[in-house]
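Asker: can't give you the sequence, but here's the structure:
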C-alpha cells in the first residue's frame with residue numbers, strides 16, 4: 001500500500017512538471033486557438049514597473065496565457081461544456097435548438113433588440129440620396145446588395161432564452177423602407193432565400209457557420225450579375241458550371257464551430273461544390289467597386305468578380321483594399337480615386353441583413369461625397385494633420401521641445417505644434 005502511495009505521489013509530481021516541460025521544450029505540437037489573442041511577450045523588468053506592481057500583473061498574465069498544454073486544456077473544457085450543458089465559451093457564440101450555432105448579435109438584430117437610431121439612418125439616407133444623384137451624373141449605378149443572414153434562415157432554432165421575445169421592427173425592415181422611399185437600387189437576397197427555403201433539398205446555410213455556403217454564393221453571384229445586366233441594359237459574361245461534386249465542408253463554412261475551439265469535431269454535412277468558368281466572348285465586363293462585409297468573401301473565393309467584371313476592387317469594411325492587401329496591406333485612402341472612378345460602372349454596397357447597420361462602412365458615404373465634390377484629398381490631409389497634432393501632444397518629450405521652441409520664437413505653443421505637424425505631413429507625402 002505504501003508503494004502505491006509512493007508511486008501515485010511520484011506520478012502526480014511528474015504530472016505537475018509536464019506543463020512546465022511543454023512550456024519550454026514544446027515536445028508536443030499544439031495548434032493555436034482561433035480568434036483568441038494571447039499575451040505573447042514576457043514583460044521587461046524595470047524598477048518603476050516593479051514598484052507600481054505593473055510588472056507582477058503582466059508576468060501573471062503572461063504565465064496564464066502561455067503555460068504548457070493551455071490550448072489543449074481549454075479545448076477540452078469547451079467540449080465538456082458544449083456536450084454536457086450545450087453552452088459556448090466563445091464570446092458572442094450561442095448554441096441554439098438542435099445545436100444550431102449563432103452569433104448572439106445576429107439574433108438580437110433580427111429580433112429588433114439591438115437597433116440603430118432612426119435619426120442616424122435618416123441622416124445617412126439623405127447623404128446616400130445626394131451621392132446616388134452625383135454618381136448618376138457620372139453614369140455610375142449605386143446598388144445596395146442585401147444578402148441572407150442565418151438568423152433569418154434558422155430563426156426557429158434560436159436558444160430557448162429568446163423564446164419570450166417578440167420580433168419587432170429591426171434595422172433590415174427600416175432600411176428597406178428607406179431604400180424604397182428614396183428609390184435607391186437594391187436587390188434583396190435575404191427575402192429570396194426565405195422564399196426558396198422550403199423548395200431546396202439542402203440547407204443554404206451550414207448549421208455550424210454564420211456565412212452562407214459556397215454553392216449558395218454561386219446562386220447569389222449569378223443572380224446579382226443578371227440584376228446588373230438588367231439595370232445597365234448590357235450583356236455580361238455568363239457563369240458556366242463545368243462540374244458539380246459532393247465534398248466535405250470547407251473550414252470557412254463552419255466558422256462558428258472553429259471559433260468555439262472544441263477538442264472534438266462537430267458533425268458537418270457534405271455540400272455541393274461548383275467548378276465554374278465563364279462565357280466572355282462578345283460580352284460586356286463592367287468596372288465595379290464593392291464595399292462590403294465578410295459575406296462577400298464567398299463571392300470572391302468563387303472568382304465571380306474575376307469572371308464577370310473588368311476589375312476586382314473589394315474594400316473590406318472600407319478599411320482594407322483587395323486584391324492588393326493579399327500581398328501588402330492597402331487602405332482606401334491610398335487608392336488613386338481618379339483612376340478608380342474612370343469608366344466606373346457600378347458601386348455595390350454589400351451587407352448581410354443583420355449587419356445593415358454597418359451600411360456606411362467607416363464613413364464611406366461621406367468620403368465619396370467629399371471626393372465627388374472635389375474635397376476628398378483635403379479631407380484626408382486634415383485627418384492626417386490632426387493625427388500628427390495629437391501625436392505631438394501625446395509625446396511629453398516632443399511636446400516639451402516644441403514648447404521651448406515656441407517660447408524662443410515668442411509664438412503660441414498651439415501655433416508651433418501646428419507648424420511641426422504640417423512639416424511631418426509634408427515629410428509623409430514626400431516619402432509616398
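Answerer: Structure's in. What do you need? In this text, all values refer to a predicted model and were calculated from it rather than measured experimentally. Numbering: from 1, shown residues only.
Asker: all the helices of the stretch 1-150 of the chain, in order from the start?
Answerer: 2-25, 47-52, 54-66, 70-85, 104-111, 118-137, 150-153 (DSSP state H, counting those that start in this stretch).
Asker: for residue 160, which of these is the nearest?
Answerer: Using Cβ to Cβ as the measure, helix 104-111 is the one of the helices of the stretch 1-150 of the chain that comes nearest residue 160, at 12.0 Å. (C-beta placed from N, C-alpha, C; glycine too.)
Asker: check which helices and strands the closest one sits against.
Answerer: For helix 104-111, the packing partners by 3 or more Cβ pairs under 8 Å, 6 or more residues apart in numbering; DSSP states H and E come out as strand 93-95, helix 150-153, helix 171-181.
Asker: show me what the longest one is packed up against.
Answerer: Counting by 3+ Cβ pairs under 8 Å, 6+ apart, the packing neighbours recorded for helix 171-181 are helix 104-111, helix 118-137, strand 141-147, strand 186-188.
Asker: winner for burial among the ones you listed?
Answerer: Neighbour counts (mean count of other Cβ atoms under 10 Å) averaged over each of these peak at strand 141-147, with a mean of 22.
Asker: mean confidence (pLDDT) on it, please.
Answerer: When pLDDT is averaged over strand 141-147, the result is 98.
Asker: deepest in the core, which of the helices and strands packed on helix 104-111 is it.
Answerer: A comparison of the helices and strands packed on helix 104-111 by mean neighbour count, using mean count of other Cβ under 10 Å, puts helix 150-153 on top with a mean of 24.
Asker: pLDDT averaged over it - what is it?
Answerer: Model confidence over helix 150-153, given as mean pLDDT, is 97.
Asker: beta partners for residue 289?
Answerer: Under DSSP bridges, the beta-bridge partners of residue 289 are residue 347.
Asker: state the pLDDT value of it.
Answerer: So residue 289 comes in at 98 (pLDDT).
Asker: I'd assumed residue 340 was in contact with it.
Answerer: Yes: with contact defined as Cβ atoms under 8 Å, residue 289 reaches residue 340; the gap is 6.5 Å.
Asker: quick one, which of these two is more surrounded?
Answerer: Neighbour count, other Cβ atoms under 10 Å: between residue 289 and residue 340, residue 289 has more, with 22 against 16.
Asker: now do the contacts for the more buried one.
Answerer: The contact partners of residue 289, by Cβ atoms under 8 Å, 6 or more residues apart in numbering, come to 313, 315, 340, 344, 346-348.
Asker: distance of it from residue 245?
Answerer: 33 Å (Cβ to Cβ, to the nearest Å).
Asker: likewise for residue 160?
Answerer: Residue 160 sits 38 Å away from residue 245, taking Cβ to Cβ as the criterion.
Asker: which residues outside stretch 213-230 are in contact with it?
Answerer: Contact partners of stretch 213-230, identified using Cβ under 8 Å, 6+ apart, comprise 141, 143, 145, 147-148, 187, 189, 192-193, 204-206, 212, 234-239, 241, 249-250, 252-253, 271-274, 276, 286, 298-299, 301-302, 304, 308, 346.
Asker: out of the residues you listed, which end up buried?
Answerer: Among the contacts of stretch 213-230, those buried by neighbour count (16 or more other Cβ atoms under 10 Å) are 141, 143, 145, 147-148, 187, 189, 192-193, 204-206, 212, 236-239, 249-250, 252-253, 271, 273-274, 276, 286, 298-299, 302, 304, 308, 346.
Asker: before we move on, back to that, could you dump the helices and strands packed on helix 104-111 to JSON lines with distance to residue 114?
Answerer: Listed next are the helices and strands packed on helix 104-111 as JSON lines, based on distance: least, Cβ to Cβ, whole Å:
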{"stretch": "strand 93-95", "distance to residue 114": "14"}
{"stretch": "helix 150-153", "distance to residue 114": "11"}
{"stretch": "helix 171-181", "distance to residue 114": "8"}
